[in-house]
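[1] any chance you could fold what I've pasted below:
(chains A and B)
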Amino acid sequence: MDILTGFLDGSAASVLAAVSRYAAPLLALWIVVRCVKSMLRGRYEPETWAYLYLPGEVMVPLRHWECIIGRARSSDACIEHPTIDRMHACLIRDADGAWTAYGLGKGETQVNGRTVPDGGLPIEDADVLTLGDVPARFVDLTEEERSSLLRYRRRPGRVARPVSTLLLLSVYQLLLTLQQLVYNHDAGFETALAFAAICGAGWFYFIVLRASGQRGFEVELLAFFLSTVGMSVAASSVPTAMLRQILFLAAGIVLFLVLGLWLRDLTRLKATRLPALIAALVLLAANLLLARVTYGAQNWVQLGGFTFQPSEFVKVLYIYAGAATLDRLFVNRNLLFYIAFSAVCVGALALMGDFGTGLVFFVTFLVISYMRSGSFATVLLAVTAAALGVMLVLTVKPYILARFQTWGHVWDDVYNTGFQQVRSMSAAAAGGLFGFGAGNGWFVDIVAADTDLVFGVVCEELGLITGLSCVASVVALACFVVKNAASGRSSYFVIAAAGAVSMMMMQLALNVFGAMDILPFTGVTFPFVSRGGSSLISCWMLIAFVKGSDVRANASFAVKRPDKFSGGAGVADDAADAPTYDPRPRRRAPYRRPGPQA
Amino acid sequence: MKKITKRAISSLLLAALLAAGMGVYLYRLVVHGGEWASFYANDSVYSDGVLNRGTVLDRNGTLLAFAGDQVYGYAESAAVRTACLHVVGDVNGNIGTGALTAFRPQLIGYNLLTGTTGKGGDVKLTIDADLNVTAYNALAGRNGAVLVCNYRTGELLCMTSSISYDPNVGFNASDSAYEGVYINRAISASFVPGSVFKLVTLAAAIENIPDLYSQTFYCAGSVDVDGHTITCTAAHGTLTVEQALAHSCNCAFAQIALQLGGDVIRDYADAYGLTSSHSLNGIETAAGRVDDAGSDRENVAWEGIGQYNDLVVPYSLMRLVCAVANGGTVTEPTLLAGKSNGSERLMNAATANAISDMMSYNVEYNYGSSMFPGLQMHAKTGTAEFGDGTSHAWFAGFITNADAPYAFVVLVEHGGSGYATAAPIANTVLQKAVFG
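    Numbering: from 1, shown residues only, chains lettered A, B, ... in the order given. Here you go, the predicted model:
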C-alpha cells in the first residue's frame, strides 16, 4: 500500500491523471457507442415456432408464442380473405410447447372440424385450423428443426466484440481509480479495491456466461459501465464506505442472474404473478408501518445494520406482476384489476410522501396499461385521475407544493429552496466536456449530491461527455427493447422489458431534469449511478427484464434456446410427416399478402 | 404479438421526451453556462467566496484588477483605482455593473469545452485608464459622469462616475457624500436632461413640421401657455430654428413642442432608446423616462424642453449623439476590446446630418470654437433645473476630427450651467483623448 501511495503521489501519477482526465470521458463514450452499435445494428431476425399451410401450400410462419391471425395488417399472420375477420383467431404456445387456439372475432374458428369455444382448444401438429372458409394446416416444429433453423440465425457480438468492450471498460475503471487516488485525498485502498471488484465482477460474469455459450453482453456491459460511474460517485462521496458499495453491487448482479434465469420459464412466471403482486402490497404496507421520515419522504426501513427502501423492490415486483401474456389481455377484468393494483401502489407512495417514485410508477403504469389495452381512452382516463390525485397531494403535502413553486425560479432563492439545484447547475457547467477528474469536485459535499443531484457530480468530475453517455446508455436500452419487441416470444417479455426501461427512463428524467431545474425537484435516483444499495440492486434486477426480451441467437441467458425445448412435435414418428425444409428460401415465402384462397 | 410490438413504441415516446429534455438542458447550458459556472458556490474559481483567478486590463494593457489564489488586487495607481472603480467593479461584487462581476465567465476562463477546469482569463477593456483619470479629476469631486465613445467602432474609451473611492482604502460609510457610491452614474442612474433633450424635440420637428426651416420663433424672455409662464434665459427676439437651438431658447422650443404634441415627442424618445434599457456587453443599463403630458399644454411645452417628468440616462444620451455623428446609425458601444455589438439605425441620414449641422452651428455661433482648440466640435449644452433650485450641468456631442471620431456626454450633478461647468470638462477630456 505504501509503495502504491508513494508511486501515486509522484508527479508521474499526477501527469497521468491529468491526461486521463481527457481520456476517460472519451473512453466512456466509446464504450457506450460500441454497445449501442452492437445492440441496434443487427438485422431483424425472428424465431420461427410453427407454420400454417394455407390452401395451395402457401406457408405462413408463426414467429411468436402468441400469434394473432386475421385480415388486419397488424396481425402476426395476415390472411386476406372475405370470410376472415380483422382479428380472427389467436394461437398461443405455452412454455412447454403445447399450442392452444382461441377464437377472437365473430367469425367461425375450428380445429379439426370442432368449433373453438371461449376457453380455446389445444392444437397439435398436422391439425387443421379452419378460419372462416379457409382451412389451414398447422405444422409444429421439432426441436431438431428449430436447431437447424438456429444455425442460420446471426449471433450477436459480430459488430462489436464484447471482449474488446470489456477490455475498454477495464481501462476506464483503471483510469478512474488512478484519478480517485490522485485527486481524492480520502480515497485509498478501499477505493482501489472497489474498482478492482467491479472490474473482476465484469470479467467473472463474462467468462462464466461465455463459457456457457452466451453471446450477447451489451445490456450487461452498459450496466457495468453505469455501475462504474456510480462507483466513482460513491468513492468521491464516502470513500470510507466502499465495501458496502461492493456488497450491493454483488447482490445486484446475483439477483439479476437469479431473476434472469427465472424468466426463462413462462409457465413459472404466469403462476407467480399473483404472489409477486401480494409481495408488492406487503412491502408497501410494511413500509408505511415501519419507515421513518427522511428528507420529507417516509421511505426508509431499517433492518439489521442496513437501511433499505422497500419501494425500490416494489418496482421490480410491479413490473413482474404487471406484465401479462396475450391470453390475459383479451379479458377486460384483468386490466381493471391491474389498474386497481397500480392505484394502490401510487397511492401508498403518495402517502409516504415519495412523490417522485409515485410519478415513476405512474408513468410505468401508463406504458404498461397502454401496451396491455392499446387504448388511449384508458390512458387518458388514468391521466385525468392522476391529475386529480396530484392536486390532492399538493394540498396535503405543502413541501411538495413548495418544490413546484421553486420550479423555474431556483436562481431567485439560491440560499434556500433553490440551494441544491443552482449548485448542481453551477458544478455541471464548471466541469465542461471533460470534467475535473474523478474525486476532484466540490459539489459532492452538498446534501444529496451523490443521489438526487448525481448528474451534477458526474458532469463536474467526469464531464458532460460522460453525463450524456450515461443518459444515452439508458435510452439505448429502451431502443433495444423496442427493437426486440418485433421478435418477442410472448407479450409478457415485451411488456415487462418496455415497463422496465420506461421506469428507468422516467427515473433518469426526473433525476437529471429535477437537478437542472427543467422539472420540479422530486428526488429520485439516476439508474445505477446514484449512490445507494436498494436503488442499485433494483436497477440490476430491472435489466433482467431487458435480457428476457432479447431473442437473438444465443444472446441472453434469460431466454431459453429454441432448440432446448422438448415437446412440440418432437416425436420421432411424426417427423416423417413434417415437411423437409431448407429454412432460407422459406423465410422469403410470400406470407405477408397471400391472395384469396377460396 | 405485432400489436403489442407496435405499442412498445410508446416507450420510445418517453425516450423522445427524454431527448427533448436533454436538448433543453444543453441549450440552457450553452446560453447560461457561463453564469452558472460564475455562481459563487463554484469552489473551483472562488476561495471563500472571492474570485481566485482572472485579470482586468485597460485598452493599453494597464492592469486594472487581478485575482489569484488567496490574493487579489487593483491597479497600481490610486488615481486609476478611483477613476476606474465603477467600470472595473470590486471583488466583493458591491458594484454589480463592474467588469469583475459582469464579465465573470471570461475572468474565470469559462467556456463550454473546458468549463472552469482551465486557467482564468484576461478581460481587456476598451477603456483608457488615463483618460478616465483625466475625466474623474476634471469632475473635481462633484457627483457626475463622463462618457467618451468612438462612434465609428463603438469602443467606449472613457466611463467614469463620481463620487468614487479607492478600493484599497475604502470609504467612510457614515459620510453622506458617499451615498450611492456603488452606482455607476453613467449607466445606472437617470437625471433630468434639460436642454440636451431639445435634440430629441428637434429631430421630431425636422421630420414632422414641413415648414420648420421657414418658421421663426419670437422670444420675449418668457412665453405664456394657457396662463402659465415658460421662462427663458434671456429675451432672444426673433429666431430661426438653428438660432433657437444655439441659444437653447425655451420659448421657441415650447412652441415647437406644442406644434408636435406630447405623444410625438415621447414616441421619438422611445424610438431613440432613451426610455429603454440597453445591454452593454450584457450589463443592463438603466432606462430613462419620458411621459406624454397629454392635453396639459404647459407640461407638453416643458416635456419638449427636457423638464416635466423627463429623465435620461447619460449612456442612452450618448447612444443618441453617436447616431447623429454616425449618419443616423449607432454602432452599439462595447466595453470589451475586439468585441463588436452590432448597430442600430435610430434616424435617417438627412435628419442626422441636419442635427449635426445645427450642433456645429451651436459651437460657432454661441459657445465659441476657441473654447475647444483643435476640436471640430458639435455639441449641445443642458442646464436642467432640479427641484431644489440647483441645476444639472450637461454637455453632449461629438467631434469630427480625423482619426478621432469621438462622441461624449458630460454630466455634473447640481453643477449649474452646462456651458460653464460641463463644457470645459468635455474639452479637457477630449484634448487628452485626441492630443494625449
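[2] how about the residues of the stretch 351-500 of chain A near chain B?
    A:363, A:367, A:370-371, A:374, A:414, A:422-423, A:425-436, A:442, A:464, A:468, A:471, A:475, A:478-479, A:481-482, A:485-486, A:488, A:491, A:494-495, A:498 (CB under 8 Å from any CB of the partner chain). Placement of C-beta: from N, CA and C, glycine included.
[3] domains in chain A, as residue ranges please.
    Using automatic domain parsing, the domain parsing of chain A gives A:8-40+A:153-548, A:50-140+A:567-587.
[4] actually chain B, not the one I wrote
    According to automatic domain parsing, the ranges for chain B are B:46-125, B:133-435.
[5] point me to the residue of chain B nearest chain A.
    As assessed by CB to the nearest CB, chain A sits closest to residue B:115 within chain B, at 2.8 Å.
[6] residue 138: what's it in contact with?
    Defaulting to chain A. Shown in contact with residue A:138 (CB atoms under 8 Å, 6 or more residues apart in numbering or on different chains): A:50, A:51, A:52, A:91, A:99, A:123, A:124, A:125, A:126, A:127, A:128, A:129.
[7] wait, I meant chain B there
    Residue B:138 neighbours (CB under 8 Å, 6+ apart): B:146, B:424, B:425, B:428, B:429.
[8] and of these, the nearest to residue B:398?
    Nearest to residue B:398 among the contacts of residue B:138: residue B:429, at 12.7 Å, using CB to CB.
[9] for that closest one, which non-adjacent residue is closest in space?
    Distances taken as CB to CB, 6 or more residues apart in numbering or on different chains place residue B:135 nearest to residue B:429, at 4.7 Å, with adjacent residues excluded.
[10] what count of nearby residues applies to the one you found?
    Around residue B:135 there are 31 other residues, counting by other CB atoms under 10 Å in any protein chain shown.
[11] ok, it touching residue B:161?
    No - with contact defined as CB atoms under 8 Å, residue B:135 does not reach residue B:161; the gap is 9.7 Å.
[12] can you put the domains of chain A in TSV and add mean pLDDT?
    Formatted as TSV, these follow (pLDDT from 0 to 100):
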stretch	mean pLDDT
domain A:8-40+A:153-548	88
domain A:50-140+A:567-587	79
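[13] now residue 145: which helix or strand?
    Let's take chain A. helix A:143-150 (DSSP states H and E).
[14] my question was about chain B
    Using DSSP H and E, residue B:145 maps to strand B:144-150.
[15] show me what that strand is packed against.
    When contacts are defined as 3 or more CB pairs under 8 Å, 6 or more residues apart in numbering or on different chains; DSSP states H and E, strand B:144-150 sits against helix B:129-139, strand B:156-162, helix B:185-188, helix B:314-325, strand B:406-412, helix B:423-435.
[16] can you list the strands that the fifth one pairs with?
    For strand B:406-412, sheet partners with direction are given as strand B:144-150 (antiparallel), strand B:391-399 (antiparallel), following DSSP bridges.
[17] nearest residue to the middle of chain B?
    Here the mean C-alpha position of chain B is nearest to the C-alpha of residue B:315 (CA atoms, centre = their mean), at a distance of 0.9 Å.
[18] what's near enough to touch residue 187?
    Going with chain A. Contacts of residue A:187 (CB under 8 Å, 6+ apart): A:180, A:181, A:235, A:239, A:439.
[19] that answer is for a different chain, and I need it for chain B
    With contact taken as CB under 8 Å, 6+ apart, residue B:187 is in contact with B:97, B:159, B:280, B:283, B:285, B:286, B:313, B:314, B:315.
[20] what mean pLDDT does the host helix or strand of residue B:351 get?
    Using DSSP H and E, residue B:351 falls within helix B:349-362. Helix B:349-362 shows a mean pLDDT of 94.
[21] over to stretch B:367-382?
    For stretch B:367-382, mean pLDDT is 92.
[22] any idea how far apart the tips of it sit?
    The first and final residues of stretch B:367-382 sit 12 Å from each other (CA to CA, to the nearest Å).
[23] quick check: longest helix of the chain.
    If you meant another chain, say so; for now it's chain A. Using DSSP state H, we find that the single longest helix of chain A is helix A:454-485.
[24] wrong chain, I was asking about chain B
    Assignment by DSSP H gives helix B:10-38 as the longest helix of chain B.
[25] after that helix, next one along is what?
    For helix B:10-38, the succeeding helix or strand toward the C-terminus, using DSSP H and E, is strand B:46-47.
[26] adjacent strands (with direction) for that next one?
    Sheet partners assigned to strand B:46-47 using DSSP bridges are listed as strand B:50-51 (antiparallel).
[27] what distance separates the partner strand from the centre of its chain?
    How far strand B:50-51 lies from its chain's middle: 28 Å, per CA atoms, centre = their mean, to the nearest Å.
[28] show me the contact partners of it.
    Residues contacting strand B:50-51 (CB under 8 Å, 6+ apart): B:45, B:67, B:72, B:91, B:92, B:100, B:104, B:107, B:108.
[29] may I see the buried residues of the longest helix of chain A?
    A:454-485 (16 or more other CB atoms under 10 Å in any protein chain shown).
[30] who are the packing partners of that helix?
    The elements that helix A:454-485 packs onto, with contact taken as 3+ CB pairs under 8 Å, 6+ apart, are helix A:11-40, helix A:218-237, helix A:419-431, helix A:491-515, helix A:533-548, helix B:2-8, helix B:10-38.
[31] tell me how many other residues crowd residue 108.
    No chain specified, so I'll use chain A. Using other CB under 10 Å, residue A:108 has 17 neighbouring residues.
[32] think we crossed wires, I meant chain B
    Neighbours of residue B:108 under the rule other CB under 10 Å: 27.
[33] same question for residue A:200.
    Neighbours of residue A:200 (other CB under 10 Å): 13.
[34] measure it to chain B for me?
    Using CB to the nearest CB, to the nearest Å, residue A:200 is found at 31 Å from chain B.
[35] who's in contact with that residue?
    With contacts defined as CB under 8 Å, 6+ apart, residue A:200 has no neighbours.
[36] so who does the residue lying closest to residue A:121 once chain neighbours are set aside touch?
    In space, residue A:121 comes closest to residue A:111 once its chain neighbours are excluded; the distance is 4.7 Å by CB to CB, 6+ apart. Residues in contact with residue A:111 (CB under 8 Å, 6+ apart) are A:101, A:121, A:122, A:123, A:127, A:128, A:129, A:130.
[37] and with 7 Å instead?
    Residues near residue A:111 by CB atoms under 7 Å, 6 or more residues apart in numbering or on different chains: A:101, A:121, A:123, A:127, A:129.
[38] how about the residue nearest to residue A:427 when sequence neighbours are not counted, phi and psi?
    Among residues not flanking residue A:427 along the chain, residue A:443 sits closest, at 3.5 Å (CB to CB, 6+ apart). As for residue A:443, its main-chain torsions (degrees, to the nearest 10) stand at phi -70, psi -30.
[39] with the one 4 residues further on instead?
    For residue A:447, the backbone dihedrals (degrees, to the nearest 10) come out as phi -60, psi 130.
[40] restrict the contacts of residue B:187 to contacts with chain A.
    Contacts with chain A within the contacts of residue B:187, counted by CB under 7 Å from any CB of the partner chain: none were found.
[41] ok, so of those residues, who is nearest residue B:296?
    Comparing the contacts of residue B:187 against residue B:296 with CB to CB picks out residue B:313 as the nearest, at 25.3 Å.
[42] check the gap between that closest one and residue A:108 for me.
    Separation of residue B:313 from residue A:108 (CB to CB, to the nearest Å) stands at 87 Å.
[43] list the residues that contact residue B:222.
    When contacts are counted by CB under 7 Å, 6+ apart, residue B:222 touches B:229, B:230, B:231, B:232, B:251.
[44] all set, thanks.
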